[in-house]
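**Student:** Just the structure for this:
(chains A and B)
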Amino acid sequence: MLIQQLVNGLTLGAVYTLLALSFSLVMGILGILNLAIAELFMIGGYLGFTLITAGFPLPVAVLGGMLGAAAIAIAIEKIGYQPLRDAPLVTPMLSTLGFSIILQNVATNIWGSDPAQLPDEYFGKQYALGPINIGEMQLIVLVATVVLVAVVAYIVQKTPMGRALRAVAENREVARILGVSADRLTMLAFILSGSLAGVAGVLIALHYGTITPYLGVEIGLKAIAVMVIGGTRQIWGALVAGPLIGIAEVLTVAYGGSQVRDFVVYGFMILILLLRPQGLLGGARSDQGQRV
Amino acid sequence: MSRIKSNLPRVLGTVAAVTLSAMVGGQAWAQEIAIGAVVPSSGPFAEWGRSNTVTLKMLEQQTNDAGGINGAKLKITILDDAAKPAQAASSLRKLAGDEKVLAVAGPLTSSAAEVTFPVANEMKVVSTSQASSKPGVAKLNRPWAFRNTIDEGVLAKTTVPFYKKAFNIKTVAVIFDAKDATASTVGKAIMPAVLKANDITVANENDLLSFNTGDLDVSAQVTKLKALNPDGVVVSADYSQAITVLREMKRQGLIKPVVGATQLISSAILKAAPEIPVIAPATFYATMTGPAPEKFTATLTPLLRKESGLPKDIEPSMYDANIYEIVSMYIDAIKKAGVTGKPADLEADRTKIRDHLAKLEGFPGLGGPIGFNDDGDAIKAFYVLQGQNGAWDTKVKGCSSAPNHPAC
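**Tutor:** Alright, predicted model coming up:
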């Protein structure tokens, strides 16, 4: 049972990792917490779900979820962030909170509050490896997480675009003087973050075979905790902290009870904030995110 | 002729006086009868709240098309509580205080009812829940609180013996939604006690499994359930949460019969894992036979399916039937108890409705006659249903009171 629980924890951790990465892309570069990301994850899931049930293959569903979430992320940047860029940090964050509530309401009106369920034929194969039961979608989620984290890390660390993003993150004004279009890169950060949330939403909705408009809230809060634990400016931090929290959560539920689950997760987050605010993989205290 | 002429001013004067008197409120009844409703049109139970709203609008139109109530037009004011207890309580306060309604249908959940019923007592207005079934919620808030539902403890006493016999159950494992008032009470207290009384061992008696409303991942809990290898599983949660558990059971290959409370009854749960039998009690279900339920379902279904934000294949739920019955009982009370609906009589009218409901026996409900016991809970027939392969099937008929009661 322990090995099966570890597999369960890794899968859950993969979900957190992808979403934490979405949060940290905006948080690390712009220093704001885009609270609508959790709902972009949910909307991406619904779009993928709709495409799959309409008979489209998985890659089309993933692309659909990604593009849909990215399009909404553009709207959020244009309406909810750009006009408020010079306001105190809490202002754009509240604006994204407003978007989050609107998106949840839109999803409830379009898809209803009942859980949407994937028909049986889309459940995917299950593999029994000794005492472990692992599903096809579970494997896809795990592999896709590692690949996506690697791709994002490559983009941010090795490409000219990534260097420009990091320059904006360091000092927006200096980056602008050096010829970097801060506005364009801010938009890019929102698009990247939204796309990632959309992909994560599709994979998770298909893995669990069910989705509700309230999916984003609970997972989103945990993903923020994962981002903080991993380090808000460390892309690889999410890959370490996600599985760590996933496994801790699953083992707490299995051996302690669900009533203490959130105590463990958020207690750990508070401990990290107190003892190592730069996160597990943060090198220096300067790596810590801005206080928002 | 001259006498007629001389009397004409007096006759005209009398007619004018009578007309004026009627216009300023001298008639026997008001021109509009106001009823309130508190339903969750947003939030996690939005589907139920929205279908409740369609149901009430249908009843309002049916009543007004048939000439209203004692000639007065029925107006149902519906407020959304988003299934939040505080919002439900303030909605009732607004309906009773500002809208001056005669009675309120709702709130839906036990959590909301626990907070709203004391306000109903304070405002002296009848409030009848369409879904709350946690034991004792109305009893604690007499005399103004009622529930058109049956206590889950009563229902479990018929459901569990059928479950045991039908699937040869000797051991079960329990999982429940710890954040839902009814689910938590059923999972922690009612089911373990009734199972024990029926000689069924609870494999995780000292370690009942739980999850929280909104959780999507219940893999850890289901892995643990599977390790216990029980003959069956008690899933105490509302159907939307139970779907998550059933999907995970199916994914992990735990195909065992499930038993639960009225919260499981829905058409959506039948699609979650069609091969897993689900046993639960209900007072109404969409495929119920008989003239009243069939007519209700046939009229309401197209209206529900036309409503945006509701699934295209939605069917009337037990809670639609319950809220339809609640307002129908209010209308019955208004007609029979001498309720005028006039602002000056508001307090007396509300009391008349309360007293009428308290003494009600054999009201023609959709699933059979309805009355209320001293605790404010409905005395009505119920059915133990088995859901499997996409359909609910009646297995046992029961009654929430002694067999000779008019409602049984």
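**Student:** give the contact list for residue B:239.
**Tutor:** B:263-266, B:268-269 (CB atoms under 8 Å, 6 or more residues apart in numbering or on different chains). From N, CA and C alone the C-beta is placed, and that goes for glycine too.
**Student:** So which bits of the stretch 51-200 of chain B are right by chain A?
**Tutor:** residue B:178 (CB under 8 Å from any CB of the partner chain).
**Student:** how about residue B:59, what does it touch?
**Tutor:** Per CB under 8 Å, 6+ apart, neighbours of residue B:59: B:76, B:324, B:327-328.
**Student:** cutoff 10 Å now
**Tutor:** Shown in contact with residue B:59 (CB atoms under 10 Å, 6 or more residues apart in numbering or on different chains): B:35, B:74, B:76, B:105, B:296, B:300, B:323-328, B:331.
**Student:** Repeat that for residue B:199.
**Tutor:** B:164, B:169-170.
**Student:** tell me which parts of the stretch 151-292 of chain A are close to chain B?
**Tutor:** Contact residues (CB under 10 Å from any CB of the partner chain) of the stretch 151-292 of chain A with chain B: A:204-205, A:207-215, A:217-219, A:222, A:246, A:249-255, A:257-259, A:261-262.
**Student:** and residue B:79, that one's in a helix?
**Tutor:** No - Residue B:79: not assigned to a helix; according to DSSP: H, G, I helix; E, B strand; the rest coil it is strand.
**Student:** How about it: what's its closest non-neighbour residue?
**Tutor:** The shortest distance from residue B:79 to any non-neighbouring residue, by CB to CB, 6 or more residues apart in numbering or on different chains, is to residue B:91 (4.0 Å).
**Student:** Dump the C-alpha coordinates for the helix or strand hosting that neighbour into PDB.
**Tutor:** If you go by DSSP states H and E, residue B:91 is part of helix B:85-97. Extracted C-alpha coordinates of helix B:85-97, given in PDB (Å, rounded to 0.1, in the frame of the first residue of the first chain):
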ATOM      1  CA  PRO B  85     -25.200  29.600   5.900                       C
ATOM      2  CA  ALA B  86     -24.800  33.300   6.600                       C
ATOM      3  CA  GLN B  87     -26.100  34.300   3.200                       C
ATOM      4  CA  ALA B  88     -29.100  31.900   3.700                       C
ATOM      5  CA  ALA B  89     -29.900  33.500   7.000                       C
ATOM      6  CA  SER B  90     -29.700  37.100   5.700                       C
ATOM      7  CA  SER B  91     -31.800  36.000   2.700                       C
ATOM      8  CA  LEU B  92     -34.600  34.800   5.000                       C
ATOM      9  CA  ARG B  93     -34.300  38.000   7.000                       C
ATOM     10  CA  LYS B  94     -34.800  40.000   3.800                       C
ATOM     11  CA  LEU B  95     -37.700  37.900   2.600                       C
ATOM     12  CA  ALA B  96     -39.500  38.100   6.000                       C
ATOM     13  CA  GLY B  97     -38.600  41.700   6.900                       C
END
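**Student:** buried residues in stretch B:111-125?
**Tutor:** By 16 or more other CB atoms under 10 Å in any protein chain shown, the buried positions in stretch B:111-125 come out as B:111-121, B:123, B:125.
**Student:** Domain parsing of chain B, as residue ranges.
**Tutor:** Per the record, chain B has its domains at B:32-150+B:286-376, B:153-282, by automatic domain parsing.
**Student:** mind giving me a markdown table with these and columns for mean pLDDT?
**Tutor:** Formatted as a markdown table, those follow (pLDDT from 0 to 100):
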| stretch | mean pLDDT |
| --- | --- |
| domain B:32-150+B:286-376 | 94 |
| domain B:153-282 | 93 |
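**Student:** ok, of the buried residues of stretch B:111-125, which one's closest to residue A:52?
**Tutor:** residue B:111 (34.9 Å; CB to CB).
**Student:** and the residue positioned nearest the centre of chain B, what does it touch?
**Tutor:** Centroid-nearest residue in chain B, with CA atoms, centre = their mean: residue B:130, separated by 2.0 Å. Applying CB under 10 Å, 6+ apart, we find residue B:130 in contact with B:37-39, B:48, B:52, B:55, B:105-109, B:113, B:147-149, B:317-327.
**Student:** How about residue B:397?
**Tutor:** Going by CB under 10 Å, 6+ apart, residue B:397 touches B:158, B:367-368, B:381-384, B:408.
**Student:** could you redo the last one with a cut-off of 8 Å?
**Tutor:** By CB under 8 Å, 6+ apart, residue B:397 lies in contact with B:381-384.
**Student:** And the buried ones among those, selectable in PyMOL?
**Tutor:** The PyMOL command for the buried members of the contacts of residue B:397 (criterion: 16+ other CB under 10 Å) is given here:
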select buried, chain B and resi 381+382+383+384
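**Student:** would CSV of the contacts of residue B:397 with secondary structure and pLDDT be doable?
**Tutor:** Listed next are the contacts of residue B:397 as CSV, based on DSSP: H, G, I helix; E, B strand; the rest coil; pLDDT from 0 to 100:
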residue, secondary structure, pLDDT
B:381, strand, 90
B:382, strand, 93
B:383, strand, 93
B:384, strand, 96
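**Student:** Same list, the contacts of residue B:397, but only the ones touching chain A.
**Tutor:** Of the contacts of residue B:397, not one also sits near chain A (CB under 8 Å from any CB).
**Student:** related to what we said a few turns ago, just among the contacts of residue B:59, which is most surrounded?
**Tutor:** With neighbours taken as other CB atoms under 10 Å in any protein chain shown, the top of these is residue B:105, carrying 33 neighbours.
**Student:** Now do that residue against chain A, distance only.
**Tutor:** 20 Å (CB to the nearest CB, to the nearest Å).
**Student:** Confirm for me that that residue is in contact with residue B:325.
**Tutor:** No - counting by CB atoms under 8 Å, residue B:105 stays clear of residue B:325, with 9.5 Å between them.
**Student:** Do a quick rundown of the helices in the stretch 151-292 of chain A.
**Tutor:** A:160-170, A:172-177, A:182-208, A:215-230, A:235-255, A:261-275 (DSSP state H, counting those that start in this stretch).
**Student:** picking up where we left off before, just send the buried residues of stretch B:111-125 back as TSV, with secondary structure too.
**Tutor:** Shown next, in TSV, are those (three-state DSSP):
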residue	secondary structure
B:111	helix
B:112	helix
B:113	helix
B:114	helix
B:115	helix
B:116	helix
B:117	helix
B:118	helix
B:119	helix
B:120	helix
B:121	helix
B:123	helix
B:125	coil
